[in-house]
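Trainee: need a 3D model of the following:
(2 chains)
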Amino acid sequence: SAVISQKPSRDICQRGTSLTIQCQVDSQVTMMFWYRQQPGQSLTLIATANQGSEATYESGFVIDKFPISRPNLTFSTLTVSNMSPEDSSIYLCSVLGGGGPDTQYFGPGTRLTVL
Amino acid sequence: AQSVTQLDSHVSVSEGTPVLLRCNYSSSYSPSLFWYVQHPNKGLQLLLKYTSAATLVKGINGFEAEFKKSETSFHLTKPSAHMSDAAEYFCVVSDFGFSGGYNKLIFGAGTRLAVHP
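Mentor: The predicted structure follows:
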């Protein structure tokens, strides 16, 4: 399985500001995913990021709020823009592993608190 | 559409006793099913995966799950709980028919396992 790291591991931010979260993988992967886990909740897919193309967003998530970059096959960023306390969550990236079209491996997550 | 229901939001066991975390699924197809574990302040770790091979799937750390089509269940078990098993567990089903070369994962609400000495 791939080894995935995220930066920062946690942050406390003021409302109205933006935070960019980085996701680094130790091997080249075609697909990367960004999830949000609100406090006490399960995971919700934000978007899918393929290298060289625009990210595909799930219903309820828009590019202006969560812009994503995917400059190469080992790296992606998610920006949480114009933050409000409702954006306080854990943000996780994942990659499609070698176990088929549905086996994903997850990074450690970024815990974001917005004051 | 595929979905999963985790029947218990919290499960509490004593160390050394068996663990049972229950999951029912709904799927129009023969599904792929997963269990993931999330330890406090950690990311998700894949415990095991079912993909229509053997119905009894063995995972890491002594966990296993049995796929029962007649009951649409995929319960997670472990014979003897360890303190380090305390974590959040997610049952996940794969949503087939998704375009783009991958299958979207549908997560259950999670079960928090507490292990007492």
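
Trainee: could you find the closest non-adjacent residue to residue B:38?
Mentor: Of all residues not flanking residue B:38 in the chain, residue B:88 sits nearest, at 4.4 Å (Cβ to Cβ, 6 or more residues apart in numbering or on different chains). From N, CA and C alone the C-beta is placed, and that goes for glycine too.

Trainee: what about the one you found, how many residues nearby?
Mentor: By the measure other Cβ atoms under 10 Å in any protein chain shown, the count of residues near residue B:88 is 18.

Trainee: would you mind confirming that it is in contact with residue B:109?
Mentor: No: using Cβ atoms under 8 Å, residue B:88 is not in contact with residue B:109, being 10.0 Å away.

Trainee: quick one: low-confidence parts of the chain?
Mentor: In the absence of a named chain, this looks at chain A. A:98-101 (pLDDT under 70).

Trainee: I was after chain B.
Mentor: Filtered on pLDDT under 70, chain B yields the residue ranges B:96-102.

Trainee: now do the strands in chain B.
Mentor: Along chain B, the segments classed as strands by DSSP state E run B:3-6, B:10-14, B:19-21, B:23-26, B:33-38, B:44-50, B:56-58, B:64-68, B:73-78, B:87-95, B:104-107, B:111-116.

Trainee: then chain A?
Mentor: Going by DSSP E, chain A shows strands at A:4-7, A:10-13, A:19-25, A:31-37, A:43-50, A:56-57, A:68-72, A:75-80, A:89-96, A:104-106, A:110-114.

Trainee: and the angle from the fourth one to strand B:44-50?
Mentor: If I follow you right, that is strand A:31-37. Interaxial angle, strand A:31-37 versus strand B:44-50 (axes from the mean of the first three to the mean of the last three Cα atoms, to 10 degrees): 110 degrees.

Trainee: so what does strand A:31-37 touch, helix or strand wise?
Mentor: strand A:19-25, strand A:43-50, strand A:75-80, strand A:89-96 (3 or more Cβ pairs under 8 Å, 6 or more residues apart in numbering or on different chains; DSSP states H and E).

Trainee: separation between the residue nearest to the spatial centre of chain B and residue A:26?
Mentor: By Cα atoms, centre = their mean, chain B has its centre lying nearest to residue B:35, at 3.0 Å. Using Cβ to Cβ, to the nearest Å, residue B:35 is found at 24 Å from residue A:26.

Trainee: gap between residue A:10 and chain B?
Mentor: The spacing between residue A:10 and chain B, counted by Cβ to the nearest Cβ, to the nearest Å, is 9 Å.

Trainee: tabulate the strands of chain A (TSV), appending mean neighbour count.
Mentor: Shown next, in TSV, are these (neighbours: other Cβ atoms under 10 Å in any protein chain shown):
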stretch	mean neighbour count
strand A:4-7	17
strand A:10-13	13
strand A:19-25	19
strand A:31-37	23
strand A:43-50	21
strand A:56-57	16
strand A:68-72	16
strand A:75-80	21
strand A:89-96	24
strand A:104-106	24
strand A:110-114	19
